[in-house]
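> Have a look at this prediction, sequence included:
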Amino acid sequence: MIKKLKCMWKKTLVVIVAALTVSFSITLLADDHENAKKLMESGDIVPLETILNQLQKRATGRVIEVELERKNGRLVYEIEQVDEHGVVREFIFDAADGHVLKEKVED
């Protein structure tokens with residue numbers, strides 16, 4: 001009987017931890033989106049659409065990941081793109097003015 005209760009308790013604890021983790025992750029994502037929106041509205045960063053238009057002129061492919069991050073005190077857009085040959089490239093754009101800081105082929 002005690003083994004059964006311990007097993008049920010462990011399962012319940014796992015479900016609670018998983019639910020809290022998902023809830024916390026969703027909150028973080030919502031906060032990130034709101035922060036990015038405020039930065040764009042204040043003019044501190046250019047809209048992602050502007051960056052994606054510049055990327056489209058520079059290289060062809062499908063965007064597979066976009067991140068807005070702070071690196072060395074500067075906000076940057078990190079964008080990964082895969083081309084028709086399966087080559088993945090990472091582009092780093094200055095989020096303040098939209099110019100390309102770095103382009104590299106992923107290994």
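Thanks, I have the structure now. Numbers count the residues shown, from 1 in each chain.

> quick one, domains of the chain?
The record's domain parsing of the chain by automatic domain parsing lists 1-44, 45-107.

> Tell me which of these is the most buried.
Most buried of those, by mean neighbour count (mean count of other CB atoms under 10 Å): domain 45-107, with a mean of 14. Heads up, the C-betas are built off the backbone N, CA and C, glycines and all.

> between the domains of the chain, which has the poorest average model confidence?
Sorting these by mean pLDDT places domain 1-44 lowest, at a mean of 55.

> And for the residue positioned nearest the centre of the chain, nearest residue in space, chain neighbours not counted?
Nearest to the mean C-alpha position of the chain, by CA atoms, centre = their mean, lies residue 67 at 3.6 Å. In this structure, residue 67 finds its nearest non-sequential neighbour in residue 78, 4.5 Å apart by CB to CB, 6 or more residues apart in numbering.

> Am I right that the one you found sits in a strand?
Yes: remark: residue 78 belongs to a strand, assigned using DSSP: H, G, I helix; E, B strand; the rest coil.

> In contact with it: list those residues for me.
65, 66, 67, 68, 69, 90, 91, 92 (CB atoms under 8 Å, 6 or more residues apart in numbering).
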